[in-house]
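# Pasting the sequence and the predicted model now:
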Amino acid sequence: MRHDDSFDFREGFDPNRTRLGGSGFESGISLSGHERNHLFANGEGRFLDVSGVSGLDHPADGRAAAWLDYDRDGWLDFAVVNANAPMLQLFRNRMGDLERPAGAIGLRFVGGNQQPTPSADWSSRDGYGAKIEVTLPGRTLYREYRAGEGFAAQNSDTLLVGLGPHPDATLRIRWPSGREQDLGRVAAGSLVTAYENPADAPDGAGATATAYRIPAERTAPGRAPIRMGASRIDLGESRAALRLYTTMATWCETCRSELPRIAELREAFGPEELALFAVPVDPDDSRAKLESYLTQHRPAYEMLLEIGPADVAEVKATLLRRLRRDPLPASIVTDREGRVLSASLGVPSLSTLRRLLSDRG
């Protein structure tokens with residue numbers, strides 16, 4: 001819960017100037033820290049925590065998430081909106097790159113009500129609330145078509161049902177009006193549009209089916225990623241494909257709490273793949289304090305003990321440019337030439353670094 005007593009409505013509403021507690025959202029202020037997102041994969045009555053490997057284990061203040069299959073490969077992707085930077089994250093499900101093409105059916109719904117007022121006979125035009133029974137050999141799946149959840153998030157209007165290795169499934173729909181509709185056997189790879197009122201369907205049959213996947217020649221051409229405030233950070237000696245610079249101070253408890261994650265990164269990547277550096281940003285941290293910190297905590301990174309004020313200022317300016325704030329700790333990832341590839345609060349995830357390595361070829 002929150003309240004906005006500090007917002008002066010006499011100023012008028014400008015989304016770029018909205019203030020909460022005297023601090024701008026544009027600064028990336030965190031309203032609820034230490035609440036990292038989680039992602040669970042369900043199967044056979046169990047849930048597996050895949051937050052870390054998915055990249056969703058992120059320190060940003062997540063507010064809403066929506067499911068969609070934006071590349072139409074049969075695997076659900078999702079988008080997350082945060083209250084601070086990065087304000088939008090699109091997560092692509094890459095399981096389709098590792099396994100055989102997914103057996104899936106896409107479903108869209110058209111309710112029978114064509115009026116702007118509720119109907120006692122027909123469901124809403126969007127069909128929200130429709131329940132689907134998917135019969136497969138040896139098991140039955142149940143799905144519900146929902147608009148979304150969270151802070152006003154809206155999912156894709158295509159409901160995706162995975163079939164695993166099965167070539168087809170028998171589908172039955174129960175509309176919110178109480179009407180039931182049998183679609184019969186539907187082949188994997190189909191995109192079905194179901195009409196509650198058969199008269200609304202183009203052929204009067206109550207449903208149409210087309211191919212779900214988009215042929216490769218129809219996909220959007222590749223393009224170079226957009227780099228915000230492109231710059232270079234070239235500190236430390238390394239020829240690793242990636243360099244990770246994380247800011248720290250000896251008094252920073254959060255910095256210390258990130259040390260196990262940094263150790264995990266060191267174990268996951270070889271020295272030719274990733275170099276780890278710490279950037280001490282507090283001028284009151286003397287060399288003696290920093291060396292004592294190294295002795296006590298034995299971090300997996302190399303401390304840049306000789307870094308000068310100008311280089312520290314450049315690191316902080318890069319973070320401010322990309323995150324719209326100067327948090328502690330924060331991280332910058334560059335390639336071996338020093339080109340800045342990303343900036344993030346805290347320490348980036350394994351999946352983020354693997355993606356950056358993959359992008360480098």
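Happy to help now that I have it. Numbering: from 1, shown residues only.
# Helices of the stretch 251-361 of the chain, start to end?
Ranges of helices in the stretch 251-361 of the chain, per DSSP state H, counting those that start in this stretch, are 253-257, 259-268, 287-297, 309-323, 350-360.
# And these: which comes nearest Arg232?
Comparison of the helices of the stretch 251-361 of the chain against Arg232 by C-beta to C-beta identifies helix 309-323 as nearest, at 8.9 Å. Just so you know, the C-beta spots here come from the backbone N, C-alpha and C atoms, and that holds for glycine as well.
# mean confidence score for the closest one?
Along helix 309-323, the predicted confidence averages to a pLDDT of 88.
# With stretch 255-264 instead?
Average pLDDT, stretch 255-264: 94.
# likewise stretch 274-288?
The predicted model assigns stretch 274-288 a mean pLDDT of 94.
# what comes into contact with that stretch?
Contact with stretch 274-288 is made by 235-236, 238, 240-251, 262, 265-266, 290, 293, 299-305, 307, 309, 311-312, 315-316, 328, 353, 357, as judged by C-beta atoms under 8 Å, 6 or more residues apart in numbering.
# got the end-to-end distance for that stretch?
Stretch 274-288 has an end-to-end distance of 27 Å (criterion: C-alpha to C-alpha, to the nearest Å).
# same thing with stretch 189-204?
Across its full length, stretch 189-204 reaches 23 Å between end residues, using C-alpha to C-alpha.
# And stretch 180-198, by the same measure?
For stretch 180-198, the first and last residues are 12 Å from each other (C-alpha to C-alpha).
# Would you map the strands across the stretch 101-250 of the chain?
For the stretch 101-250 of the chain, strands defined by DSSP state E, counting those that start in this stretch occupy the ranges 103-110, 131-136, 139-144, 159-164, 168-174, 180-187, 190-195, 207-211, 242-248.
# Can I get these in a markdown table including mean pLDDT, mean neighbour count and distance to Arg256?
A markdown table is the format used below for the strands of the stretch 101-250 of the chain (pLDDT from 0 to 100; neighbours: other C-beta atoms under 10 Å; distance: least, C-beta to C-beta, whole Å):
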| stretch | mean pLDDT | mean neighbour count | distance to Arg256 |
| --- | --- | --- | --- |
| strand 103-110 | 95 | 22 | 45 |
| strand 131-136 | 97 | 17 | 49 |
| strand 139-144 | 94 | 12 | 45 |
| strand 159-164 | 93 | 18 | 42 |
| strand 168-174 | 97 | 19 | 52 |
| strand 180-187 | 96 | 14 | 55 |
| strand 190-195 | 96 | 21 | 51 |
| strand 207-211 | 93 | 15 | 54 |
| strand 242-248 | 95 | 24 | 9 |
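# Turn those into a markdown table, columns for distance to Leu48.
Conversion of these to a markdown table gives the following (distance: least, C-beta to C-beta, whole Å):
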| stretch | distance to Leu48 |
| --- | --- |
| strand 103-110 | 20 |
| strand 131-136 | 21 |
| strand 139-144 | 18 |
| strand 159-164 | 16 |
| strand 168-174 | 24 |
| strand 180-187 | 29 |
| strand 190-195 | 29 |
| strand 207-211 | 32 |
| strand 242-248 | 28 |
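# Which one of those strands lies nearest to Ser257?
strand 242-248 (11.3 Å).
# Direction included, what does the closest one pair up with?
Each strand paired with strand 242-248, and its direction, by DSSP bridges: strand 274-280 (parallel), strand 330-335 (antiparallel).
# May I have the shortest one exported as PDB, CA atoms only?
Taking Å, rounded to 0.1, in the frame of the first residue of the first chain, the C-alpha atoms of strand 330-335 are listed here in PDB:
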ATOM      1  CA  ALA A 330      25.200  -1.300  -9.700                       C
ATOM      2  CA  SER A 331      26.900  -3.000 -12.600                       C
ATOM      3  CA  ILE A 332      28.200  -2.200 -16.100                       C
ATOM      4  CA  VAL A 333      29.000  -4.900 -18.600                       C
ATOM      5  CA  THR A 334      31.300  -4.100 -21.600                       C
ATOM      6  CA  ASP A 335      32.900  -6.000 -24.300                       C
END
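# which residues touch it?
For strand 330-335, using C-beta under 8 Å, 6+ apart, the contacting residues are 232-234, 241-247, 315, 318-319, 323, 340-348, 352-353, 356, 360.
# one step back: which of the strands paired with strand 242-248 sits closest to Leu39?
Taking C-beta to C-beta as the criterion, strand 330-335 is the member of the strands paired with strand 242-248 that comes nearest to Leu39, at 21.2 Å.
# Just give me how far that closest one sits from the chain centre.
A distance of 19 Å separates the centroid of the chain from that of strand 330-335, by C-alpha atoms, centre = their mean, to the nearest Å.
# cool, and stretch 340-353?
On the basis of C-alpha atoms, centre = their mean, stretch 340-353 sits 13 Å off its chain's mean C-alpha point.
# Mind checking the pLDDT average for it?
On average, the pLDDT along stretch 340-353 is 89.
# measure stretch 35-46 end to end?
From its first residue to its last, stretch 35-46 covers 23 Å (C-alpha to C-alpha).
# And for stretch 267-279?
Distance between the boundary residues of stretch 267-279 (C-alpha to C-alpha) amounts to 21 Å.
# what comes up buried for it?
Of the residues in stretch 267-279, those buried under the neighbour-count criterion (16 or more other C-beta atoms under 10 Å) are 269, 274-279.
# next one: stretch 294-311
So stretch 294-311, judged by 16+ other C-beta under 10 Å, has buried residues 294, 299-301, 303-304, 307.
# which of those residues has the weakest pLDDT?
Across the set of the buried residues of stretch 294-311, Ile307 stands lowest in pLDDT, at 91.
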